[in-house]
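need a structure here:
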Amino acid sequence: MSTQKILINPLSGFSRRFINSFLQVILILLIPCSVKAAEKSDINFGLQSHPRQSQWLEPAGVMLAADTDKDVVNSDVDESATSSDEVSAPLDLDTFSPYNSFEQESGWVDQIWGRPSRDHIYLGMWTLHLDPGDDQENNNELIGFTYKGYFGGTFINTHSDRVWSAGWQRTLFQQKYGEFDVEAGYRAGIMYGYTKYLTLYDTRFFPLLQAVLDIDYKGFGVELSWAGVVLTAGFYYRF
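Residues are numbered from 1 along each chain as shown. Okay, here's the model as predicted:
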């Protein structure tokens, strides 16, 4: 008959009881420490106010942002864009704006050059000659235009010749008087169609330098002009 020896550890039961009691004490102590650590933690899940945004701070430096003032931001952008457009927008010469080249331009060249005349369509012109010995053809049947400071047109001169003209039309002064617009300037260019004996160098070309004064009411007006011994008057529509 074999005999089996059983080794008994007398501290085994004591060890389990001691270890279990020790762990329970540690857990009991950890609970209040954890609560205090959570209260003192730098982690903030609360809502923080901001003039432009509401922010939720997450651990590890992660930030989620919601734009709560979108309308204000958009309005600021719209206002800045509008003001920028107003500053950079080019001058519309077909709308009225007061002007005096001798006050608003620097340098005598710019003062004399002025700015482009507004756009017109001319229909009809009548002539008065200051020289009584000159041939008279008073109704000149003008059809012409100005566009962006350039002019062109055709008319019958006082010698019954069909004449074509083109060149520049510039404004030196522009002002509003009540419902009336007044624009003063000059026209410079060349005319073709005159009888050769009246022109220089035996050609049919003739130079043109003419002072003009436009007076209109809501776009419809009368133009008065002067060149040498010739005064003219005609009708136009400004567009």
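
from here on, just use CA atoms for contacts and neighbour counts.
Fine.

just the strands in the protein please.
Using DSSP state E, the strands of the chain run over 47-48, 53-57, 63-67, 99-100, 115-116, 120-129, 143-147, 150-156, 162-177, 180-192, 205-217, 220-227, 230-238.

ok, residue 123 - contacts?
The contact partners of residue 123, by C-alpha atoms under 8 Å, 6 or more residues apart in numbering, come to 141, 142, 143, 144, 234, 235, 236.

contact partners for the closest residue to the fourth one other than its chain neighbours?
Once its chain neighbours are removed from consideration, residue 144 has its nearest residue in residue 153; the separation is 3.8 Å (C-alpha to C-alpha, 6 or more residues apart in numbering). Residues touching residue 153, when contacts are defined by C-alpha under 8 Å, 6+ apart, comprise 142, 143, 144, 145, 164, 165, 166.

distance check, residue 153 against residue 168.
Per C-alpha to C-alpha, to the nearest Å, residue 153 is found 12 Å from residue 168.

what's opposite residue 152 in the beta bridge?
Beta-bridge partners for residue 152, by DSSP bridges, are residue 145, residue 166.

for the nearest residue to residue 168 once chain neighbours are set aside, give me the pLDDT.
Closest residue in space to residue 168, ignoring its immediate chain neighbours: residue 150 at 4.5 Å, by C-alpha to C-alpha, 6+ apart. What the model reports as pLDDT for residue 150 is 98.

circling back: the residue nearest to residue 144 and residue 96: what is the separation?
Taken as C-alpha to C-alpha, the span from residue 153 to residue 96 is 24 Å.

which regions of this protein lie under the pLDDT threshold?
Low-confidence segments of the chain (pLDDT under 70): 1-95, 132-136, 196-202.

just give the closest residue to residue 157, not the sequence neighbours.
That would be residue 140: by C-alpha to C-alpha, 6+ apart, it lies 6.0 Å from residue 157.

contacts only, for the one you found.
Neighbours of residue 140 in contact, by C-alpha under 8 Å, 6+ apart: 124, 125, 126, 127, 155, 156, 157, 158.

hmm, the first one is touching residue 234, no?
Yes. When contacts are counted by C-alpha atoms under 8 Å, residue 124 is listed as touching residue 234 (5.3 Å).

so which of those two has more stuff around it?
residue 234 (20 against 15; other C-alpha atoms under 10 Å).

now do the contacts for that one.
Applying C-alpha under 8 Å, 6+ apart to residue 234 gives the contacts 122, 123, 124, 125, 126, 222, 223, 224.

can you flag the buried ones in those residues?
Neighbour counting over the contacts of residue 234 (16 or more other C-alpha atoms under 10 Å) leaves 122, 125, 126, 222, 223, 224 as the buried ones.

ok, so of those, who is nearest residue 183?
Residue 183 has its nearest neighbour among these in residue 223, at 9.4 Å by C-alpha to C-alpha.

closest to residue 181 out of the buried ones among the contacts of residue 234?
Out of the buried ones among the contacts of residue 234, the member with the shortest distance to residue 181 (by C-alpha to C-alpha) is residue 222, at 10.8 Å.

quick one: residues contacting that closest one.
214, 215, 216, 233, 234, 235, 236.

which residues sit in contact with the third one?
Contact analysis of residue 216 by C-alpha under 8 Å, 6+ apart lists 180, 181, 182, 222.
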